[in-house]
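S.K.: coordinates only, sequence not included:
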């Protein structure tokens with residue numbers, strides 16, 4: 001199979017008149033932990049389902065290891081798509097579900113899975129249907145890790161987990177990646193809890209791919225200016241300003257471009273403070289419309 005793991009070219013998916021994926025192109029070549037982030041309805045789950053062969057593209061092309069995932073056992077045996085509310089028969093016990101994974105995935109590590117079940121106080125004899133939402137998310141997360149699939153896709157994996165379990169789950173994921181490197185794609189609508197260990201981000205909004213870059217590349221792709229509002233207005237002319245906050249005398253502007261050494265010197269010469277933008281903040285600026293003005297009317301005096 002080809003070395004490029006995931007390659008999408010002008011990929012689109014329509015549900016009637018609704019455009020879920022809109023002309024998306026990207027490739028993932030190397031092992032790493034990748035965040036797939038965007039608001040609810042941005043297209044994250046649809047993209048994962050396309051990769052998992054659970055639905056077909058309406059237009060464009062999607063290949064995994066050089067082949068289509070649709071009805072392709074050679075491809076599907078090398079990936080796992082996991083989400084927080086997998087539907088199992090109400091009669092199934094956890095140990096039976098582990099047996100199914102063991103039969104389907106050649107690299108499934110049952111000893112590892114049972115060890116994690118014990119760590120998170122999950123009883124092998126428990127019925128999946130009787131688990132709380134948080135425990136069900138934990139169980140599905142464990143099964144996905146234990147599959148050791150070359151492409152592991154986790155869709156909102158920590159949904160409904162309490163904060164201590166989420167923290168432990170991500171620590172385990174990072175350790176598992178260091179021991180068994182592969183491609184992890186983690187879909188989430190926020191980045192604060194995963195940003196620290198990601199290698200790259202795919203940012204989606206309204207079905208479109210807004211940005212695909214390494215974390216380091218994102219940190220270098222934009223900068224924030226703070227200072228006198230008149231100076232900032234002049235300094236930012238002709239630049240791609242993606243966020244602007246105006247005060248009575250001071251102003252903040254976020255500009256989407258690398259900050260060269262010359263630019264840093266020019267900002268300093270006019271008393272502007274130039275600083276880096278966190279990936280999480282950049283994600284917010286790129287995907288969330290500025291609706292602050294819509295709230296002002298709530299406090300207007302009549």
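M.R.: Nice, thanks for sending it over. Note that the coordinates shown come from a computational prediction; the quantities given were computed from them, not determined experimentally.

S.K.: All the helices of this structure, residue numbers only.
M.R.: In the chain, the helices defined using DSSP state H lie at 44-51, 73-76, 94-104, 110-119, 133-147, 163-179, 215-219, 229-235, 261-269, 279-287, 292-296.

S.K.: Quick one: those as a markdown table, columns for mean pLDDT and distance to residue 25 too.
M.R.: No exception for glycine: its C-beta is placed from N, CA and C like everyone else's. Listed next are the helices of the chain as a markdown table, based on pLDDT from 0 to 100; distance: least, Cβ to Cβ, whole Å:
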| stretch | mean pLDDT | distance to residue 25 |
| --- | --- | --- |
| helix 44-51 | 97 | 12 |
| helix 73-76 | 94 | 20 |
| helix 94-104 | 96 | 31 |
| helix 110-119 | 98 | 36 |
| helix 133-147 | 96 | 27 |
| helix 163-179 | 96 | 26 |
| helix 215-219 | 91 | 17 |
| helix 229-235 | 93 | 34 |
| helix 261-269 | 94 | 30 |
| helix 279-287 | 88 | 17 |
| helix 292-296 | 54 | 33 |
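
S.K.: Residue 248: which of the ones you listed is closest?
M.R.: helix 229-235 (8.4 Å; Cβ to Cβ).

S.K.: What is that closest one packed up against?
M.R.: Judged by 3 or more Cβ pairs under 8 Å, 6 or more residues apart in numbering; DSSP states H and E, helix 229-235 is in contact with strand 223-228, strand 250-255.

S.K.: To residue 207, which of those lies closest?
M.R.: Across the helices and strands packed on helix 229-235, residue 207 has its closest neighbour in strand 250-255 (24.1 Å, Cβ to Cβ).

S.K.: For the closest one, which residues meet the burial criterion?
M.R.: 251, 252, 253, 254, 255 (16 or more other Cβ atoms under 10 Å).

S.K.: May I see the helices of the chain organised as TSV, with mean neighbour count and distance to residue 8 added?
M.R.: Putting these into TSV (neighbours: other Cβ atoms under 10 Å; distance: least, Cβ to Cβ, whole Å) gives the following:
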stretch	mean neighbour count	distance to residue 8
helix 44-51	22	8
helix 73-76	14	14
helix 94-104	16	26
helix 110-119	16	31
helix 133-147	23	22
helix 163-179	15	23
helix 215-219	16	19
helix 229-235	15	38
helix 261-269	12	34
helix 279-287	20	19
helix 292-296	8	35
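
S.K.: Any idea which of these gets closest to residue 84?
M.R.: The nearest among the helices of the chain, by Cβ to Cβ, is helix 133-147 at 4.2 Å.

S.K.: Where do the domain boundaries of the chain fall?
M.R.: What automatic domain parsing lists as the domains of the chain is 6-218, 221-299.

S.K.: could you dump the helices of the chain to CSV with distance to residue 126?
M.R.: CSV is the format used below for the helices of the chain (distance: least, Cβ to Cβ, whole Å):
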stretch, distance to residue 126
helix 44-51, 27
helix 73-76, 28
helix 94-104, 5
helix 110-119, 9
helix 133-147, 8
helix 163-179, 16
helix 215-219, 38
helix 229-235, 59
helix 261-269, 58
helix 279-287, 36
helix 292-296, 46
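
S.K.: which stretch among these comes nearest residue 243?
M.R.: Using Cβ to Cβ, these put helix 279-287 closest to residue 243, at 4.3 Å.

S.K.: For the closest one, which helices and strands make contact with it?
M.R.: strand 200-205, strand 208-214, helix 215-219, strand 241-246, strand 250-255.

S.K.: who's in contact with residue 221?
M.R.: 211, 213, 256, 257, 258, 282 (Cβ atoms under 8 Å, 6 or more residues apart in numbering).

S.K.: Please report phi then psi for it.
M.R.: With angles defined as degrees, to the nearest 10, residue 221 sits at phi -90, psi -10.

S.K.: Kindly give the local confidence score, pLDDT, for it.
M.R.: On the pLDDT scale, residue 221 is placed at 93.

S.K.: Can you tell me who the residue nearest to residue 210 when sequence neighbours are not counted pairs with across the strands?
M.R.: Sequence neighbours aside, residue 203 is the residue nearest to residue 210 in space, at 4.5 Å (criterion: Cβ to Cβ, 6 or more residues apart in numbering). Beta bridges link residue 203 to residue 37, residue 211, judged by DSSP bridges.
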